[in-house]
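*Asks:* I would like the atomic coordinates for the input below:
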Amino acid sequence: MLVMRKSQMEAFENVVAQRFEEGLLDHLRTFFPQHAATLGETQLGRIARYGLQRAESRGLKTERAIYLYVALMFVLGSRFDEDPQLPWAAREIEEEKPAPPKPEVAAEARDAATVAATAGETVTGKEDEAPKETADARIERVYGQAMAFLDQTVGPDNELLRQTLNTLRQPQVFEGLPAAPSVGHRLLLLLQMLAPEKYDMLGEETLRNLVRHGYEAAKRYGMTTEHGIMNYVALAFVLGSGFDRDPLYPWAAAALSDQGPVDPAKKGVALREAALVHLAKCLPGCPRRAEQSAVILARPAQPYKQIVEGIGEQTRRPLYTSTSAQGG
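*Replies:* Down below sits the predicted model:
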């Protein structure tokens, strides 16, 4: 019997994981070429590994589900499932729901209930037996919702996003705001001016949560001027609320770090300038969203590590039977 030692299994697992990562990187280079060119191979590899770790921490196991999760990072921001402007994403990913029954199972349940009712009996305990919907099924639903959301907020071809970025590039973007009773109100007016379609889609409660989150985060970085806070909140609105820690946007962390400008006013200016330089080279999102979706949804819905388990099982089986064992 051929037995694969633990060290050999670990080495094999590493090879499988590396091949999977290489396939994921090829996908990112194909559908996010601007990101790949701007970030460079080293940072792109870090992001792929980061995305894989986050996907697995969410209970995702299949090749398709992991590709979906990483794609969502690129179109919504790496921390999309923690973003206050996308509460539906966090809710769907974290919440376990009973899986919808198959038609034949539902029919059997109805038949059993009918027989029990005729006999004067009660069917109990069925709710507890309902299987839970898998994390992989939930991420597919989140992805579908995200694509519909993006169609309405940035446009099928990103035309609304380009308008938003053109507005953001205008040096008078903050001075043109009408008077308002508070900084919070002016921040909401800024977001409405940057992306009116997205503003209407998110709704007042979600936008207020985003503004509160961005306001507090900006102050933690020492940005206390109105312009500095506006710069921060505008980028959180466009790139995702976690843009300051997003490996997709290392320039943001650099501008906000302790090594950046000490003067709060200068820190806001440095963040804006870094953002404009980056966005001129690399638009957020995916220019070929529909094509990418078709490619990902065609990927296997099987655990990507299943091959390792299968090989491990094979090595525990006899590869041949000796003639003495066969009796001659």
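*Asks:* helices or strands up against whichever strand or helix holds Glu273?
*Replies:* For Glu273, the host element (DSSP states H and E) is helix 264-281. On a contact count with 3 or more C-beta pairs under 8 Å, 6 or more residues apart in numbering; DSSP states H and E, helix 264-281 meets helix 33-57, helix 159-169, helix 226-239, helix 250-256. Where C-beta positions appear, they are placed from N, C-alpha and C, glycine not excepted.
*Asks:* okay, the angle between it and helix 159-169?
*Replies:* If you take axes from the mean of the first three to the mean of the last three C-alpha atoms, to 10 degrees, helix 264-281 sits at 140 degrees to helix 159-169.
*Asks:* and the helix or strand following helix 264-281, what's buried?
*Replies:* For helix 264-281, the following helix or strand on the C-terminal side (DSSP H and E) is helix 289-297. For helix 289-297, burial by neighbour count (16 or more other C-beta atoms under 10 Å) applies to Arg289, Gln292, Ser293, Ile296.
*Asks:* how about the second one, what does it touch?
*Replies:* Translated: Gln292. Neighbouring residues of Gln292 by C-beta atoms under 8 Å, 6 or more residues apart in numbering: Phe31, Ala71, Cys286.
*Asks:* before we move on, back to that, out of the buried residues of helix 289-297, who's nearest Val173?
*Replies:* For these, the closest approach to Val173 (C-beta to C-beta) belongs to Arg289, at 27.0 Å.
*Asks:* so where's the stretch 151-300 of the chain uncertain?
*Replies:* For the stretch 151-300 of the chain, the stretches with pLDDT under 70 are 258, 260-262.
*Asks:* show me where the stretch 101-250 of the chain has its helices.
*Replies:* With helices called from DSSP state H, counting those that start in this stretch, the stretch 101-250 of the chain shows them at 103-118, 126-129, 135-153, 159-169, 183-194, 196-202, 204-220, 226-239, 250-256.
*Asks:* thought Phe20 was touching Glu63?
*Replies:* Yes. Here Phe20 reaches Glu63: they are 7.3 Å apart, a contact under C-beta atoms under 8 Å.
*Asks:* any residues in contact with both of those two?
*Replies:* Here Phe20 and Glu63 have Tyr304 as joint contacts, going by C-beta under 8 Å, 6+ apart.
*Asks:* who has more neighbours, the two?
*Replies:* Taking neighbours as other C-beta atoms under 10 Å, Phe20 and Glu63 compare with Glu63 leading, 21 against 18.
*Asks:* hmm, back to that, what about the helix holding Glu273, distance to the chain center?
*Replies:* Mean-position distance between helix 264-281 and its chain equals 24 Å (C-alpha atoms, centre = their mean, to the nearest Å).
*Asks:* mind listing what's buried in it?
*Replies:* Those buried within helix 264-281 under the rule 16+ other C-beta under 10 Å are Pro264, Lys267, Gly268, Val269, Ala270, Leu271, Arg272, Ala274, Ala275, His278, Leu279.
*Asks:* how many other residues sit next to Tyr304?
*Replies:* 23.
*Asks:* show me the contacts for it.
*Replies:* By C-beta under 8 Å, 6+ apart, the residues touching Tyr304 are Val16, Phe20, Lys61, Thr62, Glu63, Ile66.
*Asks:* now with 6 Å?
*Replies:* Contact analysis of Tyr304 by C-beta atoms under 6 Å, 6 or more residues apart in numbering lists Phe20, Glu63.
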